[in-house]
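Colleague: Take a look and give me a structure for this.
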Amino acid sequence: MAPKIYIAQDPVLEDVLDIAAEKLLALGWTVVRGPEITPGVPLRLSADQRQALIEDVDIIVASSRSRLSAKDLDASPRLRALVFPTIGVDAVDLEACAARGLIVANGATPENFLAMSEATVMLMLVLLYRLHESERLLRENAGRPQQMYARMVRGRTIGLIGSGRIGAGVIERLLAFEPAQILVHDPFLTPDTAPAGVRLVERDALLTTSDVVSLHVPLNAQTRGMIAEAELRAMKTNAVLINTSRGGLIDEDALVRVMTAGHLAGAGLDVTETEPLPADHPLRGLDRVILTPHILGHTIDLYTVMPDVLVENATRIMKGDLPTYVRNPDVVERWRQKLNDLN
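Modeller: Numbering: from 1, shown residues only. Here you go, the predicted model:
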């Protein structure tokens with residue numbers, strides 16, 4: 001029997017998913033494509049769609065623009081894995097996957113996480129140097145200001161909440177700029193496992209001390225809204241906030257209130273609670289905020305390798321091998337038992 005795979009639609013990853021689907025079809029797979037997605041509205045399969053699309057698939061491919069329920073995970077007795085083309089897998093509950101012995105693969109390639117690392121450092125530099133303000137001076141023929149406003153990374157305190165692959169890449173790149181210190185708050189790190197050149201601290205100490213605060217955690221029940229009004233006001237008045245992780249980490253209404261009141265020198269947000277960001281959202285009216293549409297890490301380099309990585313993960317799974325990039329390695333033994341039961 002040919003392997004059968006469901007591949008969700010995603011308007012941002014359309015070419016990636018289309019190419020991967022073509023490659024799998026050429027290998028003799030049966031490919032089922034998901035329904036169209038309305039931008040800004042995560043897709044949730046109805047009961048009829050669930051029955052028509054995934055009731056007998058071996059693998060489900062999804063992205064952050066889909067939401068997979070327990071009913072979706074139980075729809076196919078053949079289901080053995082989920083594959084995400086991106087690093088983020090917040091479209092599914094990992095605990096629910098673990099309970100079912102489902103391995104979750106993602107696209108944690110160097111082109112993926114290192115692009116985000118570079119982009120995060122770029123946002124730090126643009127905000128500290130107030131690049132857009134300098135650009136405006138020239139465009140408006142305003143001349144040089146009497147007082148300089150740019151700040152170097154060198155000699156300043158950079159704080160990362162969370163680490164992981166992207167955070168580690170940020171740290172590695174920041175070290176060349178000679179910051180005064182790099183602080184990290186991550187409950188999963190110990191002094192023995194922390195990247196070289198950083199100091200582990202509690203979150204409150206990081207917020208009150210850092211000139212730049214950058215978020216590098218997944219979005220889940222524990223992290224949603226973790227940066228609310230109290231945390232924002234605890235930051236230095238002239239601090240910079242960076243979020244290239246997930247929009248739900250920050251209380252955006254609180255961020256608007258705090259920045260409208262003059263607190264914080266700037267914010268760089270590649271992600272927002274609602275994507276795309278509504279045209280009338282008050283964040284758009286704040287000139288100290290850089291907004292990008294969840295695209296900073298989406299390089300030509302990444303999109304070149306993403307289809308092949310997706311196909312490789314899927315084919316390895318169907319051979320009974322671990323995918324190249326595993327998001328939930330603690331499930332491996334249960335997954336192998338599940339494969340034995342299926343066979």
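Colleague: Please enumerate the strands of the stretch 1-150 of the chain.
Modeller: Per DSSP state E, counting those that start in this stretch, the stretch 1-150 of the chain carries strands over the ranges 4-7, 30-33, 43-44, 59-61, 66-67, 81-83, 103-105.
Colleague: Point out the most buried one among these.
Modeller: strand 59-61 (a mean of 29; mean count of other C-beta atoms under 10 Å). For glycine as for every other residue, the C-beta is placed from the backbone atoms N, C-alpha and C.
Colleague: quick one: Val16 from His298, how far?
Modeller: 10 Å (C-beta to C-beta, to the nearest Å).
Colleague: higher neighbour count, those two?
Modeller: Using other C-beta atoms under 10 Å as the criterion, Val16 and His298 rank with Val16 on top: 24 against 21.
Colleague: how close does the more buried one get to Met306?
Modeller: As judged by C-beta to C-beta, Val16 and Met306 stand 5 Å apart.
Colleague: tally of neighbours for the closest residue to Trp29 other than its chain neighbours?
Modeller: Closest residue to Trp29 apart from its sequence neighbours, by C-beta to C-beta, 6 or more residues apart in numbering: Pro3 at 4.9 Å. Other residues lying near Pro3 total 20 when counted by other C-beta under 10 Å.
Colleague: Which pLDDT value does the model give Pro3?
Modeller: With respect to pLDDT, Pro3 scores 97.
Colleague: now swap in Ala62 and tell me
Modeller: pLDDT for Ala62: 97.
Colleague: Pro39 now?
Modeller: On the pLDDT scale, Pro39 gets 81.
Colleague: circling back to that earlier point, what touches both of Val16 and Met306?
Modeller: The contact sets of Val16 and Met306 overlap at Pro85 (C-beta atoms under 8 Å, 6 or more residues apart in numbering).
Colleague: Domain map for the protein?
Modeller: Here the domain assignment for the chain is 4-106+300-342, 110-291, based on automatic domain parsing.
Colleague: for the record, mean pLDDT for the last one?
Modeller: Meaning domain 110-291. For domain 110-291, mean pLDDT is 96.
Colleague: now stretch 12-26
Modeller: Computed over stretch 12-26, the average pLDDT equals 97.
Colleague: Return the set of buried residues in that stretch.
Modeller: Neighbour counts over stretch 12-26 (16 or more other C-beta atoms under 10 Å) mark 12-13, 16-17, 19-21, 23-24 as buried.
Colleague: Tell me which residue lies nearest the centroid of this structure.
Modeller: Ser245 (4.2 Å; C-alpha atoms, centre = their mean).
Colleague: so how far is Val271 from that residue?
Modeller: Ser245 is 6 Å from Val271, by C-beta to C-beta.
Colleague: what do you get for Arg288?
Modeller: Computed as C-beta to C-beta, the Arg288 to Val271 distance reads 18 Å.
Colleague: more neighbours, those two?
Modeller: Val271 (24 against 17).
Colleague: so that one touches Leu219, yeah?
Modeller: No - the criterion here is C-beta atoms under 8 Å, and Val271 misses it with Leu219 at 9.0 Å.
Colleague: Identify the contacts common to these two.
Modeller: Common contact partners of Val271 and Leu219 (C-beta under 8 Å, 6+ apart): 245-247.
Colleague: The nearest residue to Thr209 once chain neighbours are set aside - how many residues pack around it?
Modeller: Setting aside the residues directly before and after it, Thr209 is nearest to Thr157 in space (C-beta to C-beta, 6+ apart), at 5.6 Å. If you count neighbours by other C-beta under 10 Å, Thr157 ends up with 18.
Colleague: ok, Thr157 - contacts?
Modeller: Counting by C-beta under 8 Å, 6+ apart, the residues that Thr157 touches are 179-183, 209-212.
Colleague: can you rerun that using 6 Å?
Modeller: 180-181, 209-211 (C-beta atoms under 6 Å, 6 or more residues apart in numbering).
Colleague: Quickly note the distance from it to Val184.
Modeller: 12 Å.
Colleague: How about Gly162?
Modeller: According to C-beta to C-beta, Gly162 and Val184 sit 8 Å apart.
Colleague: follow-up on the earlier one: helices - which of the shared contacts of Val271 and Leu219 land there?
Modeller: With helices taken from DSSP state H, there is no overlap with the shared contacts of Val271 and Leu219.
Colleague: can I get those in CSV with distance to Gly197?
Modeller: Below are the shared contacts of Val271 and Leu219 laid out as CSV (distance: C-beta to C-beta, whole Å):
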residue, distance to Gly197
Ser245, 21
Arg246, 26
Gly247, 29
